[in-house]
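*Asks:* let me see the structure of the following:
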Amino acid sequence: MPGDRRTGSERPGGVSRGPGGIPKGEDVTSVRVVVVDDRRLVAEALASALRVRGHRVPAVAAPLSRAAELVAAKQPEVCLFGTATPEADSALEPLARIHRESPRTAVVVLGPVPRPRGVAAVFAAGARGYVREDERMEGVERAMARARSGEPAVTPQLLREAFVELLHPRSAPDAEGTRLAALLTEREADVLRRIVDGEDTRSIATGLGVAPSTARTHVQRLLSKLGTTSRLEAAALAVRTGLLDRLPASLPGPRRP
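*Replies:* Numbers count the residues shown, from 1 in each chain. Have a look, this model is predicted:
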């Protein structure tokens, strides 16, 4: 109305926001969300709880391998992505596919408390939020609202636990990361770092100072030694096992093969 000087939170139809700019009321309870989980009963229970609270849930799916197709078909604002093993390839691959094929859908992962590297792997694969699977429904709703608005959504408790482990890391070395590091040549270690950084074959070749065909050969040898079938799997394995921290220091500049 002309002359109406009320704020957005007071104006009829305005979006009311709480601390930190988190939408409240109607804005929080109007998320269009698809729920996927490898545990069908868990997915159904979560979907029912969300519907009771006013959210629109057009579809529920299990297992996670169906997630990308479902999101592409329904085009939700948010995908709640429940998994008991957030660092596993079986979770990271469909998550990365959603991010690649349906970038407008914000993915919020619900899972156990992984190591800080696990949280990093999930966000690197394209997630916009991570919430503990035992979080109260209000916390899940706040995460959905944040993710939908383009903000990272991580619960304070999870951040505290991650920082505690970073400040007080486990004293025992990661045997798997150490074993894998011993298998790699200096060149393969350099290739792995570039893969984790998201470089494609041409960029890897340029960085190494070699032809693209030679770079592809290095990549295939690396994947074979790690026992992986794709670059995404190799990157996830490197993060999950702490392999990157056990690689020899890289030399500056391109090197001849």
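
*Asks:* pull out the buried positions in the lengthiest helix in the chain.
*Replies:* In the chain, with assignment by DSSP state H, the single longest helix is helix 212-226. Neighbour counts over helix 212-226 (16 or more other CB atoms under 10 Å) mark 215, 218-219, 222-223, 226 as buried. Where C-beta positions appear, they are placed from N, C-alpha and C, glycine not excepted.

*Asks:* please apply the same query to stretch 179-196.
*Replies:* Neighbour counts over stretch 179-196 (16+ other CB under 10 Å) mark 180-181, 184, 187-196 as buried.

*Asks:* any idea how far it is from the chain center?
*Replies:* In terms of CA atoms, centre = their mean, to the nearest Å, the centre of stretch 179-196 is set 23 Å apart from its chain centre.

*Asks:* pretty sure Gly207 sits against Glu199.
*Replies:* Yes. Between Gly207 and Glu199 there is a contact under CB atoms under 8 Å: 6.9 Å.

*Asks:* re earlier: which other helices and strands contact the longest helix of the chain?
*Replies:* helix 175-183, helix 186-196, helix 201-208, helix 231-241 (3 or more CB pairs under 8 Å, 6 or more residues apart in numbering; DSSP states H and E).

*Asks:* between those, which one is nearest to Gly139?
*Replies:* helix 231-241 (25.4 Å; CB to CB).

*Asks:* got the angle between the closest one and helix 175-183?
*Replies:* 120 degrees (axes from the mean of the first three to the mean of the last three CA atoms, to 10 degrees).

*Asks:* what's the first helix or strand after the helix or strand hosting Ala145?
*Replies:* Following DSSP states H and E, one finds Ala145 within helix 137-148. Remark: after helix 137-148, the chain's next helix or strand is strand 153-154, criterion DSSP H and E.

*Asks:* thanks a lot, catch you later.
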